[in-house]
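Chemist: below are the sequence and a predicted model for it; my questions follow.
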Amino acid sequence: MSAKSPRAMSTGLFRRVLRKPLGVVSGVVLILIVGGSLAARWIAPYDPLAQDFSIVKQGPSAAHLLGTDSLGRDILSRLLFGGQESLGGVLVAVVTMLIIAIPLGILAGYVGGLADRIILRVVDVLLSIPGTIITLAVLAIFNNSMFVAMVSVGVLASGAFIRVFRSAALSVRQELYIGAARVAGLGRLRIMAAHVLPQIRGVLLVQVTLFSAATLGIQTGLAFLAFGPPPPAPTWGGMVAEAASLIQSSPWLLVPSGGIIAVTTLALCLLGDALRDANQERFTLAGLERGARPVRAGAGAVLVPDAATVPDADREEALAPNPDALLSVRGLTVGFGAPGRETTAIQRVDFDIRPGEVVGLVGESGSGKTVTALALLGLLAGNGRITGGSIRLAGEELVGMSNAELRTVRGARIAMISQEPMVSLDPSFRVGYQIGEAIRAHERVGRAETQRRTRELLASVRLDPAVADRYPHEISGGMAQRIAIAMALAGRPELLIADEPTTALDVTVQADILDLLRTLQEETGMAIILVSHDWGVVADLCSRAIVMYAGEVVERAAVSEIFAAPRHPYTAALLRSNPHGARPGEPLPTIGGAVPPPHEWPVGCHFAARCPLATEACRQAPIDMAHLPGHRSSRCIRIDALAAELSEVAS
Ligand SMILES: Nc1ncnc2c1ncn2[C@@H]1O[C@H](COP(=O)(O)OP(=O)(O)OP(=O)(O)O)[C@@H](O)[C@H]1O
């Protein structure tokens, strides 16, 4: 078992390149050219400056494999030494470009918002600068310094590459494992360095090879125009210039000098092609293996309490969080869209979770369960904001906390597992490494301690320690969910939000995961919010349930009470359509119609259009929560009619 870094995984791309004949040939050619230049002082047969006027302009011979030039100097030796200047210039430009484009591109793509807008303006400026004129001016100002000229080439080219790396980072940002890393409490810098950068390395390598080819053209072009080191120092461009001036009398001279530039450029372009193909294969394979699925995720939410969005009737409750609760949510309202013109997606959400309590958050698709869960973590999509209400964790207000403050809450105090454990895991990292990363996000621990805790966490989710050495594509969905749970436990959270943790799993595995969650809850004493639309799962695990419909909590009660006598027509309809209660041969009752989207919410009861008990009064004004005996509440004014209907059915 190990929690080692993902170096082995990064060799996957190179392995795929090595399977491509063009990739191998171009790679070998480049290694020979670069290696030959680096080792020039040991392998060059002659001094590149040594002149011998008795053998000028000779063709290839045993003594001079590539012939001699107009001063009798050995061409092979000059090419080998000249490569140092030409390839060194390429290296300077590429490194300069990377130093600027990688951080700015990833920052713009991953962080977005103002940072993105500022960086894009800088890119516009860089792209509008006439590169050739600036480079020639730099050479004039800096006394023909090829080094400074290549730095300026790198700076000027970085604008285009910032855009490329930004696009790559933007697409990685949507991945669930990035969301999972944020939930685990990892900082932005760490996520960008450890998760985004490795994911865009394929694009990066392709761009580096193609830019190197282009820069080689610029470097040799400048040397051809007599910029850079003056004669007799060998440069590839200078050798081409000399050969061009003697093209009539000695055409051979152009073959080795022009040839080395052409071969190097071609090899770089072909290597770039092979890398691009290998990288695309990787995404296709990863997509097939993981069933890639887009996910709503984005920058941390801006938390702006807006008292005006909390209706008067609920204001008193909104101002009175429960001091005994671990989590006390009051009047929580979330909007999506441009500030000031948001569409409200959840509103007036109130509930408490006591320490160690397991509570189900139930409702059809679109009722607002996930938005509520993400709001608790400050992880709403980039266009989402908390526009009202309060979230208190052990008395501490989370609404209004900065992102940095929220990071100390995520993972450490509130953890989350999602319904897609496989896509929550970064495919490039061994699972042991990812668990280790979750541990280190909360504690400063050494390698040995990280490994010990990784083993301990794997054991706690009933997995063999050897699983740590596997990559996500080497494990099953059930194992992936166990690992996601292990990662969630790494910060020893007080509250675990499990968002439909069994939905994507095989039925046989579902029961195991629920069992595991129950055992872990008993062992650790943490509270759990179980987001689900499956009453069977809720009945299995939860003591209380919160039922949501079209962005509002419509009923809160103990699960046993809800099953015995629901106090909201929506809860009753949901229970009737529960597949666990289906009778053989009888069609399963369904709730007619669909959950209205936020912009179609009616003024009155949101469920009125689908409710058989609705009257005119239900449609006229917003319905407040009615507090019933036994800590129950229901957002319904027809509770008596419902109770009468249910007792009629029962009798
Ligand atoms: N980024 C977003 N932008 C705009 N609207 C959104 C966004 N995310 C969620 N919503 C809206 O919020 C509402 C509640 O969605 P939510 O995902 O919370 O429902 P849910 O009950 O969790 O459903 P499911 O079980 O399908 O996950 C939906 O109407 C949805 O359209």
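Modeler: The structure has been received and is ready for your questions.
Chemist: and the stretch 451-600 of the chain, which residues reach the ligand?
Modeler: Within the stretch 451-600 of the chain, the residues that sit near the ligand (Cβ under 6 Å from any ligand atom) are 533, 597-598. C-betas here are computed from N, CA, C, even on glycine.
Chemist: the residues you listed, buried ones only, as a ChimeraX selection?
Modeler: To isolate the buried ones among those in ChimeraX, judged by 16 or more other Cβ atoms under 10 Å, type:
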select :533,598
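Chemist: just give me the least confident of the residues of the stretch 451-600 of the chain next to the ligand.
Modeler: Lowest pLDDT within these is found at H533 (84).
Chemist: now render the residues of the stretch 451-600 of the chain next to the ligand as JSON lines, adding distance to T387.
Modeler: Converted to JSON lines, those look like this (distance: Cβ to Cβ, whole Å):
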{"residue": "H533", "distance to T387": "26"}
{"residue": "P597", "distance to T387": "18"}
{"residue": "P598", "distance to T387": "12"}
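Chemist: among the residues of the stretch 451-600 of the chain next to the ligand, which one sits closest to A101?
Modeler: P598 (39.7 Å; Cβ to Cβ).
Chemist: how far away is D515 from the ligand?
Modeler: Going from D515 to the ligand by Cβ to the nearest ligand atom, to the nearest Å gives 23 Å.
Chemist: and if you look at S257?
Modeler: S257 is 59 Å from the ligand, by Cβ to the nearest ligand atom.
Chemist: and what of F165?
Modeler: 25 Å.
Chemist: list the contacts for P256?
Modeler: 66-67, 75-76, 79, 239 (Cβ atoms under 8 Å, 6 or more residues apart in numbering).
Chemist: the same query, at a cut-off of 7 Å, please.
Modeler: 66, 75, 79 (Cβ atoms under 7 Å, 6 or more residues apart in numbering).
Chemist: which of those residues tops the neighbour count?
Modeler: I75 (27 neighbours; other Cβ atoms under 10 Å).
Chemist: and the nearest residue to that one once chain neighbours are set aside, helix, strand or coil?
Modeler: Excluding its sequence neighbours, the residue lying closest to I75 (Cβ to Cβ, 6 or more residues apart in numbering) is L66, at 4.2 Å. Following DSSP: H, G, I helix; E, B strand; the rest coil, L66 is assigned to coil.
Chemist: could you measure from L66 over to D464?
Modeler: 61 Å (Cβ to Cβ, to the nearest Å).
Chemist: and A214, by the same measure?
Modeler: The value you get for A214 to D464, if Cβ to Cβ is used, is 51 Å.
Chemist: so for those two, which sits in the more crowded spot?
Modeler: A214 (16 against 12).
Chemist: lowest confidence element among the helices and strands of this structure?
Modeler: Sorting the helices and strands of the chain by mean pLDDT, DSSP states H and E puts strand 302-303 at the bottom, at a mean of 32.
Chemist: pLDDT below threshold where in the stretch 451-600 of the chain?
Modeler: Within the stretch 451-600 of the chain, the segments meeting pLDDT under 70 span 579-589.
Chemist: please enumerate the helices of it.
Modeler: Secondary structure of the stretch 451-600 of the chain (DSSP state H, counting those that start in this stretch): helices at 477-489, 507-524, 535-541, 559-564, 569-576.
Chemist: now the element after the last one, going C-ward?
Modeler: To tie it back to what came earlier, the one meant is helix 569-576. helix 616-620 (DSSP states H and E).
Chemist: which elements pack onto that next one?
Modeler: Packing partners of helix 616-620 (3 or more Cβ pairs under 7 Å, 6 or more residues apart in numbering; DSSP states H and E): none among the helices and strands.
Chemist: sheet partners, orientation included, of the helix or strand just after that helix?
Modeler: Next helix or strand after helix 616-620 toward the C-terminus (DSSP H and E): strand 626-628. Paired neighbours of strand 626-628 in the sheet (DSSP bridges): strand 632-634 (antiparallel).
Chemist: can you list the residues that contact the strand it pairs with?
Modeler: Residues contacting strand 632-634 (Cβ under 7 Å, 6+ apart): 554-557, 561, 567-568, 625-628.
Chemist: how about a cut-off of 10 Å?
Modeler: 317, 350-351, 544, 546-547, 553-558, 561-562, 565-571, 623-628, 639, 642 (Cβ atoms under 10 Å, 6 or more residues apart in numbering).
Chemist: buried residues in the next helix-or-strand element following it, which are they?
Modeler: Using DSSP H and E, the helix or strand that follows strand 632-634 in sequence is helix 639-650. Across helix 639-650, burial judged by 16+ other Cβ under 10 Å covers 639, 642, 646.
Chemist: contacts only, for the last one.
Modeler: Spelled out, it's L646. 564-567, 569, 572.
Chemist: measure it to the ligand for me?
Modeler: Taken as Cβ to the nearest ligand atom, the span from L646 to the ligand is 25 Å.
Chemist: quick one: which helix or strand includes Q347?
Modeler: With DSSP H and E as criterion, Q347 is part of strand 343-353.
Chemist: ugh, wrong one, I meant F227
Modeler: Using DSSP H and E, F227 falls outside every helix and strand.
Chemist: and it, backbone torsions?
Modeler: phi -90, psi 160 (degrees, to the nearest 10).
Chemist: ok, it touching L139?
Modeler: Yes - using Cβ atoms under 10 Å, F227 is in contact with L139, at 5.1 Å.
Chemist: find residues that contact each of those two.
Modeler: The contact lists of F227 and L139 share 145-146, 149, where a contact means Cβ under 10 Å, 6+ apart.
Chemist: could you redo the buried residues of helix 639-650 as a markdown table and give each row pLDDT?
Modeler: What follows is these, written out as a markdown table (pLDDT from 0 to 100):
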| residue | pLDDT |
| --- | --- |
| I639 | 89 |
| L642 | 88 |
| L646 | 78 |
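Chemist: which residue ranges of the stretch 401-550 of the chain form strands?
Modeler: 414-417, 495-499, 527-532, 544-549 (DSSP state E, counting those that start in this stretch).
Chemist: could you dump the ones you listed to JSON lines with mean neighbour count and distance to P231?
Modeler: Shown next, in JSON lines, are the strands of the stretch 401-550 of the chain (neighbours: other Cβ atoms under 10 Å; distance: least, Cβ to Cβ, whole Å):
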{"stretch": "strand 414-417", "mean neighbour count": "28", "distance to P231": "67"}
{"stretch": "strand 495-499", "mean neighbour count": "24", "distance to P231": "70"}
{"stretch": "strand 527-532", "mean neighbour count": "25", "distance to P231": "74"}
{"stretch": "strand 544-549", "mean neighbour count": "26", "distance to P231": "80"}
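Chemist: from P229, how far off is A149?
Modeler: A149 is 12 Å from P229, by Cβ to Cβ.
Chemist: circling back: just the ones of the shared contacts of F227 and L139 in helices?
Modeler: 146, 149 (DSSP state H).
Chemist: can you tell me which of the contacts of P256 are up against the ligand?
Modeler: Of the contacts of P256, not one also sits near the ligand (Cβ under 6 Å from any ligand atom).
Chemist: can I get those in CSV with pLDDT?
Modeler: Formatted as CSV, these follow (pLDDT from 0 to 100):
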residue, pLDDT
L66, 92
I75, 93
L79, 94
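Chemist: got a pLDDT number for T135?
Modeler: 86.
Chemist: on contacts alone, who are the packing partners of the strand or helix carrying it?
Modeler: If you go by DSSP H and E, T135 is part of helix 131-141. Helix 131-141 sits against helix 146-173, helix 201-224, with contacts defined as 3 or more Cβ pairs under 10 Å, 6 or more residues apart in numbering; DSSP states H and E.
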